[in-house]
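A.B. asks: turn this into a model:
(chains A and B)
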There are 2 protein chains.
Amino acid sequence: MTVTDDLLQNNARYAESFSGPLPLPPAKQIAVLACMDARIDVYRVLGLAEGESHVIRNAGGVVTDDEIRSLAISQRLLGTKEIVLIHHTDCGMLTFTDEQFRDGIADEVGTRPTWASEAFTDLEDDVRASRQRILDSPFIPVKDSVRGFVFDVATGQLHEVS
Amino acid sequence: MTVTDDLLQNNARYAESFSGPLPLPPAKQIAVLACMDARIDVYRVLGLAEGESHVIRNAGGVVTDDEIRSLAISQRLLGTKEIVLIHHTDCGMLTFTDEQFRDGIADEVGTRPTWASEAFTDLEDDVRASRQRILDSPFIPVKDSVRGFVFDVATGQLHEVS
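C.D. replies: Purely as a prediction, here's the structure:
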């Protein structure tokens, strides 16, 4: 019995009281881009209901081409207009360097990743850099509200990065 | 008053009853990769509690280099061992072609994205292709349980793709 099997049993219970389908475009016209960290339950942290917001997540909550792709689809095809970025305290991305990570992989499997790990050394600076990448992208049409936050894993609070 | 401001008020209420911090590594040693679709509340769909699973999300729930990066960090640095892939019915990625999407952007802003939109035409085939990209990657060490599912937005049920 794997963890996946357990989660499928949970899903069967979830479906018993499920009512759908909701419309495809997010009702609140917003997209959230957050770190994949297990402690950030984005819907609960922001009080979102199903159907209200796109949720994009990756290691660090960083902005690479793939997040620009998702945000471009979110805005251009599904009508979202605001973007919320969420990094967090005690992030794993602060615990290693890109060189360490890629050297470790190269030593172990004999192939060096062509992609960067996106590790960072300053949380707020990386929120600012992520926001700037969005502001600089020609593929994201609506940039009136692109705001960056740090989620405090000790308190559950979001703090805005200016 | 933006939607973002509303969500920040929700966060203040969330923090009032928050108890943390939980440990950084996911307690259930699992990573979920799902579409960004607003109707998929991953924690509720799978009965996950905070701290239990990494959650990676993008337009389509596809596997590009950035998802390999996140999964590699998840397994190599934070000890996860199972992977769950979730696509879903009524997906926006089925409603356009890559050529349409990139031509539309090129016409409008004068620059053609270098990245593909990752649009797909068959849901189950794309789940299989996503799973295969993970199985083929030298950077993901643990592949004993990499399973792909389609979430039905009408019923809330996950159906496994074989």
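
A.B. asks: what's the nearest residue to residue A:159 if we skip its chain neighbours?
C.D. replies: Distances taken as CB to CB, 6 or more residues apart in numbering or on different chains put residue A:150 closest to residue A:159, at 5.0 Å, once the chain neighbours are dropped. (C-beta placed from N, C-alpha, C; glycine too.)

A.B. asks: show me where chain A has helices.
C.D. replies: Here chain A has its helices, by DSSP state H, at A:3-16, A:42-45, A:65-78, A:98-109, A:123-136.

A.B. asks: what packs against the third one?
C.D. replies: Helices and strands touching helix A:65-78, by 3 or more CB pairs under 8 Å, 6 or more residues apart in numbering or on different chains; DSSP states H and E, are strand A:30-35, strand A:53-58, helix A:123-136, strand B:53-58, helix B:65-78, helix B:98-109.

A.B. asks: give me the angle between that helix and strand B:30-35.
C.D. replies: On the basis of axes from the mean of the first three to the mean of the last three CA atoms, to 10 degrees, helix A:65-78 is oriented at 40 degrees to strand B:30-35.

A.B. asks: stretch A:80-90 and chain B, any residue contact?
C.D. replies: Yes - counting by CB under 8 Å from any CB of the partner chain, contacts between stretch A:80-90 and chain B involve A:82, A:84, A:89, A:90.

A.B. asks: is the first one in a bridge, and if so with what?
C.D. replies: Partner residues in beta bridges with residue A:82, using DSSP bridges, are residue A:30, residue A:145.

A.B. asks: quick one, what contacts it?
C.D. replies: A:29, A:30, A:31, A:142, A:144, A:145, A:146, A:147, B:2, B:3, B:4 (CB atoms under 8 Å, 6 or more residues apart in numbering or on different chains).

A.B. asks: can you flag the buried ones in those?
C.D. replies: A:29, A:30, A:31, A:142, A:146, A:147, B:3, B:4 (16 or more other CB atoms under 10 Å in any protein chain shown).

A.B. asks: report the two of the residues you listed separated the most.
C.D. replies: Across those, no pair lies farther apart than A:29 and A:147, at 14.7 Å, counting by CB to CB.

A.B. asks: between the buried ones among the contacts of residue A:82, which is nearest residue B:62?
C.D. replies: The closest of these, once distances to residue B:62 are taken by CB to CB, is residue A:31, at 16.6 Å.

A.B. asks: who's in contact with stretch A:109-117?
C.D. replies: A:59, A:93, A:96, A:98, A:101-103, A:105-106, B:65-66, B:68-69, B:72-73, B:138-139.

A.B. asks: quick revisit: out of the residues of stretch A:80-90 next to chain B, grab the one that's most surrounded.
C.D. replies: Within the residues of stretch A:80-90 next to chain B, residue A:84 tops the neighbour count with 24 neighbours, counted by other CB atoms under 10 Å in any protein chain shown.

A.B. asks: any chance of the residues of stretch A:80-90 next to chain B in a markdown table with pLDDT as columns?
C.D. replies: Formatted as a markdown table, these follow (pLDDT from 0 to 100):
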| residue | pLDDT |
| --- | --- |
| A:82 | 98 |
| A:84 | 98 |
| A:89 | 98 |
| A:90 | 97 |
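
A.B. asks: tell me which of the residues you listed fall in strands.
C.D. replies: Under the assignment DSSP state E, the residues of stretch A:80-90 next to chain B contribute A:82, A:84 to strands.

A.B. asks: return the member of the residues of stretch A:80-90 next to chain B nearest to residue B:40.
C.D. replies: Nearest to residue B:40 among the residues of stretch A:80-90 next to chain B is residue A:84, at 17.6 Å by CB to CB.

A.B. asks: what's near enough to touch that closest one?
C.D. replies: A:30, A:31, A:32, A:33, A:46, A:147, A:149, B:4, B:7.

A.B. asks: what about the fourth one, how many residues nearby?
C.D. replies: Taking other CB under 10 Å as the criterion, the count of residues near residue A:33 is 30.

A.B. asks: show me the contacts for it.
C.D. replies: Applying CB under 8 Å, 6+ apart, we find residue A:33 in contact with A:56, A:57, A:61, A:63, A:67, A:70, A:71, A:83, A:84, A:85, A:86, A:130.

A.B. asks: didn't the last one look like it was pressed against residue A:86?
C.D. replies: No - because the distance of 9.9 Å does not satisfy CB atoms under 8 Å, residue A:130 is recorded as not touching residue A:86.

A.B. asks: shared neighbours of these two, anything?
C.D. replies: A:33, A:61, A:148.

A.B. asks: burial measure for the closest residue to residue A:121 other than its chain neighbours, as a count.
C.D. replies: Nearest residue to residue A:121, sequence neighbours excluded (CB to CB, 6+ apart): residue A:94, at 6.8 Å. Residues lying near residue A:94 (other CB under 10 Å) number 15.

A.B. asks: what's across from residue A:55 in the sheet?
C.D. replies: Taking DSSP bridges as the rule, residue A:55 bridges to residue A:32.

A.B. asks: can you pull the contacts of it?
C.D. replies: Neighbouring residues of residue A:55 by CB under 8 Å, 6+ apart: A:31, A:32, A:34, A:42, A:43, B:36, B:38, B:42, B:57.

A.B. asks: thank you, goodbye.
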